[in-house]
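Student: Here is a sequence together with a model predicted from it:
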Amino acid sequence: MRAAGRFDRWLGILPDLLFMGIVVMAAGAWLAQAGSEGSIRVLPLTLLGWVVFVAVIGGTSEVRAFTPADRVTLGRVMLLILLSALLLGASPSQVDSGLVFALAMVVALLDALDGAIARRLKCERPFGARFDMEVDAAMLMIFSLWLFALDRAGIWVLLIGLWRYVFVLISQFRPALRAPLPFSQRRRVICGIQGVGLALCLAPGMPATASAPVAAGLLLLLSYSFMVDMLRR
């Protein structure tokens, strides 16, 4: 019975996942002109990985279909798929840095839109919040990897993307950390700053002497936020 319910939930989000796949693969031809053939080769595998990611979140939640806010988050996922494929399939020197910056900035700015739509249309729900949070974490990881790949910051910048997953790992040993976190304006602002700040560090022509200090400041802010959440539990 439980398996049947989970299957029904997957069926509910299947049309959106199929649409995501069609749009991303259609963008492959454009990606070939902007990146490399390697990016196109890894695109299907990258797409599959993200589809599984979304399906697992949807299949383990009480959700029958995506809301308009969820679809905005799904749009961010589509752009992250393209950024992932470019990162995995092409040498950073072969990729148009302007394209990477544009994709990253749109993903970061859309982060404010899905929540606003959810509040405006009164379609807020636990799944949407979790979906948005997991996509935010993946976004920071991908942005951090791009900063390192483009020599905009040292390997330490990956800590920005890893913080969320370190928190989840620590929560396995501290049950109090598994409980839902109460709303925090501090957490909300710092998270929003992270995406836009990292995207700005990917701006074409920005030297490491400028991007590295900004990224270091973002890492300190994020570390402070996570430490506050852990110490208050």
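Tutor: Cool, got the structure. Residues are numbered from 1 along each chain as shown.
Student: pLDDT weak spots in the chain?
Tutor: 1-12, 32-38, 40, 58-64, 233 (pLDDT under 70).
Student: All the strands of it, residue numbers only.
Tutor: Remark: no strands are assigned in the chain by DSSP state E.
Student: Can you give me the separation between the spatially most central residue of it and residue 26?
Tutor: In the chain, the residue lying closest to the centroid (C-alpha atoms, centre = their mean) is residue 139, at 2.7 Å. Remark: distance between residue 139 and residue 26 (C-beta to C-beta, to the nearest Å) = 22 Å. All C-beta atoms are positioned from the backbone trio N, CA, C, and that covers glycine.
Student: List the residues that contact the residue nearest to the centre of the chain.
Tutor: Counting by C-beta atoms under 8 Å, 6 or more residues apart in numbering, residue 139 makes contact with 76, 80, 107, 108, 111, 195.
Student: Once you drop chain neighbours, what's closest to residue 156?
Tutor: In space, and not counting its chain neighbours, residue 156 is closest to residue 219: 7.2 Å by C-beta to C-beta, 6 or more residues apart in numbering.
Student: can you pull the contacts of the one you found?
Tutor: Applying C-beta under 8 Å, 6+ apart, the residues near residue 219 are 156, 157, 159, 160.
Student: burial count for the first one?
Tutor: This means residue 156. The tally of other residues near residue 156 (other C-beta atoms under 10 Å) stands at 13.
Student: Kindly report the same for the last one.
Tutor: Residues lying near residue 160 (other C-beta under 10 Å) number 24.
Student: Now for it: which residues touch it?
Tutor: Going by C-beta under 8 Å, 6+ apart, residue 160 touches 140, 143, 144, 194, 198, 215, 218, 219, 222.
Student: From one end of stretch 179-192 to the other, what's the distance?
Tutor: 22 Å (C-alpha to C-alpha, to the nearest Å).
Student: Please, where are all the helices along this protein?
Tutor: In the chain, helices defined by DSSP state H lie at 2-26, 28-34, 37-59, 68-89, 97-120, 126-149, 158-171, 185-201, 208-231, listed in chain order.
Student: of all those helices, which lies closest to residue 178?
Tutor: Closest to residue 178 of the helices of the chain, according to C-beta to C-beta: helix 158-171, at 4.9 Å.
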